[in-house]
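# show me the folded form of this:
(chains A and B)
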Amino acid sequence: MKTTIVQALRQGLIEEMKRDDRVVLLGEDIGVFGGAYRVTEGLYEQFGEERVRDTPISEGAIIGAAVGAAMTGLIPVAEMQFNDFIACGMDQLCNQAAKMRSMMGGQVSVPMVLRAPMGATGRAAQHSQCLEGWFMHCPGLKVVLPSTPYDAKGLLKTAIRDENPVVFLEHKMLYGGASPGGKAKSAVGSLSEAYAPAPDEEYTIPFGKADIKREGEDVTVVATSFMVHLALEAAEQLKTEGVEAEVVDLRTLVPLDRESILASVEKTGRIIVAMEEVTTAGAAAEVAALIAEEGVFYLKGPVKRVCSADTPIPFAPAMEADAVPGSDDIARAIREVMEWE
Amino acid sequence: MNPETALELYRTMVVMRKFEEKLFYLFSTRAMPGSMHQYNGQEAVAAGVCAHLSRDDYITSTHRGHGHCIAKGADINAVMAEMFAKSTGCCRGMGGSMHIADFNVGMLGANAIVAGGIPIAVGAGWSCSYLKNGNVSVAFFGDGAANEGAFHEALNLASVWQLPVVFVCENNLYGFSTHYRRVTNIENIADRAAAYGIPGIVADGMDVNDVYEKGGDCIQRARDGKGPAILECKTYRFRGHSRFEPAVYRGKDELEEWKKRDPIVVWRKALRDDMGVAEKKLTALEEDAQMVIDESVAFAESGPDPEPAAYKECIFK
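Residues are numbered from 1 along each chain as shown, chains lettered A, B, ... in the order given. Down below sits the predicted model:
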C-alpha cells in the first residue's frame, strides 16, 4: 500500500517502466537527486541513467525532446519542477505536442506524459499557480488532476499507456510533505479517508470518468485535486446543518465527464464548481458553461464558482489564504445556494 | 564522390527546383490555398545532407520545407496533393505547405514555429541512441532560428547527452526581411558550436559537393557515437520570404551575384565538363524530373477534397 501521492506515483512509474522498456523519464534533478518532491527517488539506481535522465534547466528542450522521442518510438515521462515552469516550454507543449498529430493528418501520435506539481504552498506568484485552464484550452492535450494516492497511480498508468500527450498535474499539498529541504507544506496529515491509499496490485483508472467522492442529495460540488478534499471538509461541516453535499471529483478535465456532472446537477439542482485556479476563463468556467448550455433547467439558482482571486498568488500567508479558496469558502457557497428553493 | 551519387544529387536538386517552379506557377494562376516559402537557391543543402541518410534516419524541417521533404524521399505525389489541400495529401489536408511530413521516410515535419523542430530532432536522436538502432537525426533550420532560445537549449542538451544529431543551419542571410548580421553579431553561426563543446563546420551551401562532403563527415561522426555537430551552409534564397513577397530589402545586384552561383547550374556544369556526363543524359534526367512533377500535379488535382469534418478524427488517437 502506498499512502501518499508521491509514493503512489513512484509505484506507478516503477510498474510501467518494468512493463515497457520504452518508458523513459527526464527532468531537472530527477535522477541522482531523486526529484525535488521525491517522486523519482531510487529510480535512477533501479533503472539506470539511460532511463532516468537528469536534464539541464531547459524546459523547452525537455518537453521538445519528449515530443521528438515520443514521435519516434519511446514513451517519455517528463517532469517539470513546478507547473509554472511549463511557460518556458509552452511552444513545445502547445504548438508541437498538442498539434503534431492533427497537423500531420494522423500520421503520428505523441505518447508522452508531462508531470508537474501545482498549487499554492507559500511560494508566491511563480511557484503557486494552477494552470489546468491553459492546457484545457489547447486542443490535443489531455489534462489529468488526481486527488488521492489511489487515483494518482491508476491515472498515471493510464496516462503512460495513452497514445496522446497528457499533462498530469499534482497538487503539492497532497504530496505528503516529502522534500529535500525539510518537511514541505502538506495537508496529507489532516485529510479524511477519502485520501485513499494505492494498493500494490495492478490497476488503471480510465480517463473521462469522474468519481463521486461523497454522495448527497442537496447540492453538487464539482472539484478537482486538493479542492476535492476541501469540498469534503465543507460537506462534513454542512452535514451538521442538515445539508448533504455531493462531491464530484472530475479526475480528468480532458476528457471531461459531462454526463456525471449533468447527472449530479439533475439530482441536486444546485452546483458549486470548486477549483484552485484563478477564477476567470478557466476549467471552472468551462463547467459553468456546460451547465448553462445543457443543464440550466435542472437548476434552482445560479452556478457558483469557488476559485482563487484573479491575482498573482501573494507571498504573505494571510494574503495567500485570502486569495486561495479554503473549505470555509466552499461551505459559505453551499449555504448561499441552499437558500434557493 | 562516385558518378551515380553525383548524378543522383543533381536529380534531387532538379526535382526540388521544378517542384518549386511549378508551385510558383500554380499559385500565380489559380487559387491554391494558403501560403508557401520556397527553397529555390538552397537545394544543395538538403540534397547534400540527405544523400547520407536512409529512410530510417530522421529529419526535422522548417516553414521552408519542400526541399527537405523531397530530398528525404517523401512521396512527391502526396506532398503535391497536400499543397492542393487534398485528402490524398501526405497530411490529409490538415497541414499544408508549412506542415508537410512523411513518416514513412523519417521526415518528421516542416514546422511553422521558427526553431520549433530543433528540440524535436534532439528527441528523435535520443530515441536512436536509446534504441541503439544506429540511426541519426538531422535538424534543418535557418539563420533566424539560431537566435531562438530553443536552439540553445536543444544544442546544449544534445551535447551533454552526446546524441546522434546534426544541426544543419541554412544561413540564407535573411530572417524574412532582416539581414542576419543586423541581429547576429558574429559572421559564422557555426562558431557557436564552441559554446556547446561540439564541432562547428562551415560549408558552401551553393556547392553540393562541399555540403555532401562536410555533411557526410558530421553524419558519420554522429553515427559513430561521437555526438552532435553544427553544419552551417552559406546559401541564398532566390525568391522572397513567402509566396510573392518581392524582397525589396535586398539589392537586385546581390540577387544577381548569388544567381551566378546557382547550385544546379554550377553542378550541371561540373557534371558535364569535369565528370564527362553527356548533355543528352542531363537533358533526359531533367525531362524525367519534369514528368515526376507533372504527374504529381495530375495526382493532386484528381484527388478528392477532405470531408469538411474530417479534421475531427485527427485530434486524438
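# near chain A, which residues of the stretch 101-250 of chain B? Just list them.
Where the stretch 101-250 of chain B comes near chain A, counting by CB under 8 Å from any CB of the partner chain, the residues are B:101-103, B:108-109, B:111, B:113, B:116, B:118-128, B:130-131, B:137, B:149-150, B:153-154, B:156-157, B:160-161. (Glycine included, C-beta is placed from N, CA and C.)
# which of those count as buried?
Taking 16 or more other CB atoms under 10 Å in any protein chain shown as the criterion, what is buried in these is B:101-103, B:108-109, B:111, B:113, B:116, B:118-128, B:130, B:137, B:150, B:153-154, B:156-157, B:160-161.
# and those residues, which of them are in helices?
B:118-128, B:130, B:150, B:153-154, B:156-157, B:160 (DSSP state H).
# the residue nearest to A:V52 when sequence neighbours are not counted in helix, strand or coil?
Counting by CB to CB, 6 or more residues apart in numbering or on different chains, A:V52 lies nearest to A:Y44, which is 4.4 Å off, once chain neighbours are set aside. When classified by DSSP: H, G, I helix; E, B strand; the rest coil, A:Y44 comes out as helix.
# do you know how far the spatially closest residue to B:S177 that is not a sequence neighbour is from B:R64?
Once flanking residues are discounted, B:S177 sits nearest to B:Y249: 4.5 Å by CB to CB, 6+ apart. Per CB to CB, to the nearest Å, B:Y249 is found 17 Å from B:R64.
# before we move on, back to that, confirm for me that the residue nearest to B:S177 is in contact with B:Y174.
Yes: B:Y249 is within contact range of B:Y174, at 7.4 Å (criterion: CB atoms under 8 Å).
# distance check, the residue nearest to B:S177 against B:T88.
Taking CB to CB, one finds B:Y249 at 38 Å from B:T88.
# same deal with A:L191?
Counting by CB to CB, the gap from A:L191 to B:T88 is 56 Å.
# tell me where the chain has helices.
You didn't pick a chain, so chain A it is. Here chain A has its helices, by DSSP H, at A:5-19, A:43-47, A:59-71, A:90, A:98-103, A:132-136, A:149-161, A:226-239, A:258-268, A:283-290, A:317-323, A:327-337.
# ah, I was thinking of chain B
All helices of chain B, identified by DSSP H, fall at B:3-29, B:43-50, B:66-71, B:76-83, B:117-131, B:149-160, B:180-183, B:208-223, B:252-259, B:263-269, B:279-302.
# any chance of a markdown table for those, columns mean pLDDT?
Shown next, in a markdown table, are those (pLDDT from 0 to 100):
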| stretch | mean pLDDT |
| --- | --- |
| helix B:3-29 | 96 |
| helix B:43-50 | 98 |
| helix B:66-71 | 98 |
| helix B:76-83 | 97 |
| helix B:117-131 | 98 |
| helix B:149-160 | 98 |
| helix B:180-183 | 96 |
| helix B:208-223 | 98 |
| helix B:252-259 | 95 |
| helix B:263-269 | 98 |
| helix B:279-302 | 97 |
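# winner for burial among the ones you listed?
helix B:43-50 (a mean of 30; mean count of other CB atoms under 10 Å in any protein chain shown).
# other residues contacting it?
B:9, B:12-13, B:16-17, B:39, B:59, B:67-68, B:70-73, B:138, B:140, B:166, B:168, B:170, B:203, B:205-212, B:215, B:219, B:231, B:233, B:235, B:263-264, B:267 (CB atoms under 8 Å, 6 or more residues apart in numbering or on different chains).
# swap in 7 Å and give it another go.
Residues outside helix B:43-50 that contact it (CB atoms under 7 Å, 6 or more residues apart in numbering or on different chains) are B:9, B:12-13, B:16-17, B:67-68, B:71-72, B:138, B:168, B:170, B:205-208, B:211-212, B:215, B:233, B:235, B:263-264.
# for stretch A:272-290, same thing?
A:119-120, A:130, A:132-133, A:136, A:219, A:221-227, A:230-231, A:253, A:258, A:261, A:303-310, A:324-325, A:330, A:333-334, A:337.
# filter the residues you listed to the buried ones?
A:119-120, A:130, A:132-133, A:136, A:219, A:221-227, A:230-231, A:253, A:258, A:261, A:303-308, A:324-325, A:330, A:333-334, A:337.
# from B:A203, how far out is the residue lying closest to B:F316 once chain neighbours are set aside?
Nearest non-adjacent residue to B:F316, counting by CB to CB, 6+ apart: A:N164, 4.9 Å away. As judged by CB to CB, A:N164 and B:A203 stand 39 Å apart.
# please say which of the two ends up with more neighbours.
Of the pair A:N164 and B:A203, B:A203 is the one with more neighbours under other CB atoms under 10 Å in any protein chain shown, namely 28 against 23.
# now do the same for the more buried one: its pLDDT.
pLDDT, B:A203: 98.
# got it, and the one 4 residues further on?
Reading off the per-residue confidence, B:D207 sits at a pLDDT of 98.
# give the full set of residues in contact with it.
B:D207 neighbours (CB under 7 Å, 6+ apart): B:A44, B:P263, B:V266.
# spell out which parts of the stretch 151-300 of chain A neighbour chain B.
Residues of the stretch 151-300 of chain A lying near chain B by CB under 7 Å from any CB of the partner chain: A:E163, A:N164.
# hey, where'd the strands end up in the stretch 151-300 of chain A?
Ranges of strands in the stretch 151-300 of chain A, per DSSP state E, counting those that start in this stretch, are A:166-171, A:211-214, A:219-223, A:245-249, A:252-254, A:271-278.
# how close does B:E301 get to chain A?
Remark: distance between B:E301 and chain A (CB to the nearest CB, to the nearest Å) = 19 Å.
# identify the residue nearest that residue in space, chain neighbours excluded?
Spatial nearest neighbour of B:E301, excluding adjacent residues (CB to CB, 6+ apart): B:F84 at 6.8 Å.
# how many other residues sit next to residue 246?
Let's take chain A. Here the number of neighbours of A:E246 (other CB under 10 Å) works out to 23.
# please refer instead to chain B.
Number of residues near B:P246 (other CB under 10 Å) recorded here: 9.
# also B:S35?
Neighbours of B:S35 using other CB under 10 Å come to 16.
# got a list of what it touches?
By CB under 7 Å, 6+ apart, the neighbours of B:S35 are B:S97, B:S242, B:R243.
# how near is the residue positioned nearest the centre of chain A to A:A61?
In chain A, the C-alpha nearest the mean C-alpha coordinate belongs to A:L145, at 1.9 Å (CA atoms, centre = their mean). In this view, A:L145 and A:A61 are 26 Å apart by CB to CB.
# one more: B:V15?
Distance from B:V15 to A:A61, counting by CB to CB: 34 Å.
# please apply the same query to A:M112.
From A:M112 to A:A61 the distance is 14 Å (CB to CB).
# between the helices of chain B, which one is nearest to A:D54?
Nearest of the helices of chain B to A:D54, taken as CB to CB: helix B:149-160 at 9.3 Å.
# show me the contacts for the residue nearest to A:K185 when sequence neighbours are not counted.
Nearest residue to A:K185, sequence neighbours excluded (CB to CB, 6+ apart): A:T121, at 4.3 Å. Neighbour list for A:T121: A:S128, A:K172, A:M173, A:A184, A:K185 [criterion: CB under 7 Å, 6+ apart].
# please apply the same query to A:L145.
A:E132, A:L169, A:T224, A:S225, A:R251, A:L253.
# mind putting those into JSON lines with pLDDT?
Below are those laid out as JSON lines (pLDDT from 0 to 100):
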{"residue": "A:E132", "pLDDT": "98"}
{"residue": "A:L169", "pLDDT": "98"}
{"residue": "A:T224", "pLDDT": "98"}
{"residue": "A:S225", "pLDDT": "98"}
{"residue": "A:R251", "pLDDT": "98"}
{"residue": "A:L253", "pLDDT": "98"}
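# looking at these, which one is closest to chain B?
Closest approach to chain B among the contacts of A:L145 (CB to the nearest CB): A:L253, at 14.2 Å.
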